Each structure stands twice: as C-alpha cells, then as structure tokens.
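>>> got a predicted structure here, sequence first:
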Amino acid sequence: MPEKDPLLERQQLHADSLEGDDKADGGLYTMGQTNAQRGILQGKRILVTRTREQAGVLSERLLALGAMPVEFPTIRIVPPHNWASLDWALGRLFPTVMENDGYRDCPYAWLIFTSANGVHICCERLLERGYDLQAMCPVRVAAIGPATAAALTRYGIHPDLVPDIYVAESVAAALIHDSQQRGESLQGKRILLPRAAEARNVLVTELQHAGAVVDEVAAYTTVSVASDDQQGREIVKLLQRGEIDMITFTSSSTVRNFMQWFRSCAIDDTFLHQPSLKIACIGPITSQTARELGLDVDIEANEFTIDGLVEAIVRASLADAPLQREE
C-alpha cells in the first residue's frame, strides 16, 4: 500500500471540518453566481504562510472555491519578554494612572493600531492587569484596516478612523487630513503606537514630520517558526515536484521568514521561478518585499485584506481559465 501523504491527510481533515458550513466562503460569492465560478480553484494546491492562529480564515476562503490549502506558518507572534514599557504606556490611557503621572487630561491624542495582533496583545494585557477597557480616557483610536478595526470592536472599542487604503502611509495621511478637517494640527500632539518591534519606520517618520510626538512601543515580535523539520521537508518535496500551484503572502514578515526558511534548506531557488507556480501578495508593500527577495509576484490584491487577496486570486484564475465553447 502506498505511503499516505501527511499534508493531504491534514487538508482532508480541514476540509471535513468545514463541510456543511454555509459561511465558509465569507460572503465573497453570492447565491446567484455559478458553480463554475465557485470551483474556479478546483484542485489547486495553495500554500498559506500566515501564522497558525490566522491561517484558518484564508484557508476557509480557498477551500470554498475548490482549492487545497496547505498551511505552513512562517511566523509566530511573540509577546514582549519585558512588559514594563508597554504596561507603562497603556496604563496612561486610564484616569488613575494618568492622574498619578500628573496629567489632568488624557496625555495621548491618538492611539494607533496597525494590526489585529497588536490589538489582541494590548487588550488582553490590559484585561489581565484588571483594567476596564470601557474606562479608557477619551483618546481617539485609529486602525490601519477593517481586520484591525474588527479586532478592536470585539473588545468594545470602536475606532474613530480607518483609512481607505490599508498601509502605514495612509494612516499618517488620514490623521493629518482629519486634523485639518477639524481645524487643528498634530503639532505637539502625543500619539501612542503599540506595534511589532520590526515594523517599518514610515508611519513614525510621517507623523513626526507633521509635528506629532510619537511614543512607539514594541507590543510583540514576529519570529520564524518554519524550519527544515518534517513539515518543512514535505513542503520541499511538493515544491520540487511542482505540486504547489501558488504561494500566498499576507505581510512582509511572512515573505522574509519564508525565504529565510527556504534558503536554510539549501534548495535551488529555481523551484520558486517555475511558470506553473504563482506568487500572490496581499498588497504593494508585501509585493515589494517579495521582489526585493528575488520572487516574481504574479498576483497583487487591490484591497489589502484577505477577501481582497482571494478576489485577486479568483480574477487571475478566471483570466487563465480556457474559454468554454457555447453549445
């Protein structure tokens, strides 16, 4: 009897767990669309490189369209080893600590979150330390995009600002525009920015150019979890046999960690440049990182969300699909 492929076994278990779930496609398709469209990714084996906790959403979307997602998380979210800086900054958002620090009013004009991971770590830490999230001082809250905004809403915090384009540059532009609309300036305003330790500097730089004082605090670090272990060896075999149809990247860190793992395996990178293998990125920043690391980006989402990425994949697949002759 032939040896069972452990990756395929995991895919089948995942598919079985979703069977009968009428929300599996996340509203991406309407009832009026054809079965052919819903199965446009039928049989495509797609590598999902998100964190283990976040991979499920993308995998569900792909499964609903007939694909076989292979979850291979390349990053792991690690909270701070020392909480002191984050605890101090977050604590100042609450009246008791604020008054102890000599402030009569909230010291921060804005609290900015640039990921759902940052929201989860900060809010869980505050709850763990006994804070009531609804007792926060009147700080305005900005979220980089709808996923981050949804994460805030789950904690009862409703963001005041979500930019139309979900990148750091747009967050800065939106804050500056909002201040102008209100007849104010960011000059001298203090902004709290808890985020990944290795995040890009552009947001801080743009806000500082506008005169703001930015308290940037590391809320978490992203580290590689993928190595040449059993799962890694299985992925290598699939790539070498040309049995991965697409690799998806949802952040620059997923690209960097994937390439770090790939190069640690000492594999000829020609496997990543096969015409049959497509690289799909969630937006231009992720695409830029992929290109800088030597990848050819075939698909880029117009809307920088998981649904936007899936829609871009579907559009590309429809464009590649052979035309059906009318009977």
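That came in fine, so what should we check first? Numbering: from 1, shown residues only.
>>> helices of the chain, residue ranges please.
6-18, 35-38, 55-64, 84-91, 95-100, 116-128, 146-154, 168-181, 202-209, 230-240, 252-264, 284-292, 306-320 (DSSP state H).
>>> any idea of the mean pLDDT for the fifth one?
Yep, that's helix 95-100 we're talking about. In this model, helix 95-100 has an average pLDDT of 69.
>>> list the contacts of the residue lying closest to Ala67 once chain neighbours are set aside.
Closest residue to Ala67 apart from its sequence neighbours, by Cβ to Cβ, 6 or more residues apart in numbering: Leu41 at 3.8 Å. Where C-beta positions appear, they are placed from N, C-alpha and C, glycine not excepted. Contacts of Leu41 were listed using Cβ atoms under 8 Å, 6 or more residues apart in numbering, and they are 62, 65-67, 313-314, 317.
>>> same question, Ala89
By Cβ under 8 Å, 6+ apart, the contact set of Ala89 is 192, 194, 215, 217.
>>> would you turn the contacts of Leu41 into JSON lines with neighbour count, pLDDT and distance to Glu243?
Output for the contacts of Leu41, formatted as JSON lines (neighbours: other Cβ atoms under 10 Å; pLDDT from 0 to 100; distance: Cβ to Cβ, whole Å):
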{"residue": "Leu62", "neighbour count": "27", "pLDDT": "93", "distance to Glu243": "16"}
{"residue": "Leu65", "neighbour count": "23", "pLDDT": "93", "distance to Glu243": "19"}
{"residue": "Gly66", "neighbour count": "15", "pLDDT": "92", "distance to Glu243": "16"}
{"residue": "Ala67", "neighbour count": "25", "pLDDT": "94", "distance to Glu243": "13"}
{"residue": "Ile313", "neighbour count": "26", "pLDDT": "95", "distance to Glu243": "18"}
{"residue": "Val314", "neighbour count": "20", "pLDDT": "94", "distance to Glu243": "21"}
{"residue": "Ser317", "neighbour count": "21", "pLDDT": "90", "distance to Glu243": "17"}
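>>> which of those residues lies closest to Leu238?
Ala67 (14.2 Å; Cβ to Cβ).
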